[in-house]
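K.L.:
Okay, here's the prediction I keep looking at, along with the sequence it came from:
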Amino acid sequence: MAFADLALRRCSIRKYSERPVEQGKLDQVLEAARVAPTAKNLQPWRVHALRSPEALAAFDELTTMRFGAPVVLVFTYDVDEDWKNPLEEGIHSGQQDASIAATYAMLQATELGLGTCWCNYLPNARVAAMLGLPKSERVVLALDVGYPAAEAHPAHLHWKRKPLEDLADYR
């Protein structure tokens, strides 16, 4: 599939079937994340795959953003490992690195016929506590993964895009 077609096909799924995600497909999704670029190739991000009933129930207690997905990938980064920009204090790569890895995972999932939903509406510190993360590890996002339910469809705003001239300029 051409990248442009893949990018257009991807949409946020907010209703999943009960069909489990095969281990081989989950491995491919995680491998896509693994090869994503990071600042100075430091690879400060981690992914925590929630799929046991206990882990998913604990996640559901913290947010309504699972939508019945059988897998939730929680992307984090370690502040002790990410790149710090020496030219500008407070600019770190960890959140960007984790987001790039999640994007690669999301697109690979789409190519495999899986649906995803990128979720930032999280109590990040409580998710970190639920996962037992060390103090240096920060939650960035959760990515729901699963087979879309038959009635799943893109949100009404999915196809609405600003014109390119409103987003990009040439200098």
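P.N.:
Arrived safely, thanks for sending. Residues are numbered from 1 along each chain as shown.
K.L.:
give me phi/psi at Gly115?
P.N.:
In terms of degrees, to the nearest 10, the main-chain angles of Gly115 are phi -100, psi 160.
K.L.:
With Trp83 instead?
P.N.:
Here is the backbone geometry of Trp83 (degrees, to the nearest 10): phi -80, psi 140.
K.L.:
Contact partners for it?
P.N.:
Residues near Trp83 by C-beta atoms under 8 Å, 6 or more residues apart in numbering: 38-40, 42, 44, 92-94. No exception for glycine: its C-beta is placed from N, CA and C like everyone else's.
K.L.:
Let's have these in JSON lines, adding pLDDT.
P.N.:
Output for the contacts of Trp83, formatted as JSON lines (pLDDT from 0 to 100):
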{"residue": "Thr38", "pLDDT": "97"}
{"residue": "Ala39", "pLDDT": "96"}
{"residue": "Lys40", "pLDDT": "95"}
{"residue": "Leu42", "pLDDT": "95"}
{"residue": "Pro44", "pLDDT": "97"}
{"residue": "His92", "pLDDT": "89"}
{"residue": "Ser93", "pLDDT": "96"}
{"residue": "Gly94", "pLDDT": "96"}
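K.L.:
can you count the residues close to Ala129?
P.N.:
For Ala129, the neighbour count with other C-beta atoms under 10 Å is 12.
K.L.:
Can you flag the buried ones in the contacts of Trp83?
P.N.:
In the contacts of Trp83, burial by neighbour count holds for 38-39, 44, 92-94, counting by 16 or more other C-beta atoms under 10 Å.
K.L.:
ok, which pair from those is furthest apart?
P.N.:
Greatest spatial distance among the buried ones among the contacts of Trp83 (C-beta to C-beta): Thr38 and His92, at 11.8 Å.
K.L.:
before we move on, what SS does Val72 have?
P.N.:
When classified by DSSP: H, G, I helix; E, B strand; the rest coil, Val72 comes out as strand.
K.L.:
give me the beta-bridge partners of it?
P.N.:
Val72 forms beta bridges with Leu50, Asp144, as assigned by DSSP bridges.
K.L.:
Against Asp60, how distant is it?
P.N.:
Distance from Val72 to Asp60, counting by C-beta to C-beta, to the nearest Å: 9 Å.
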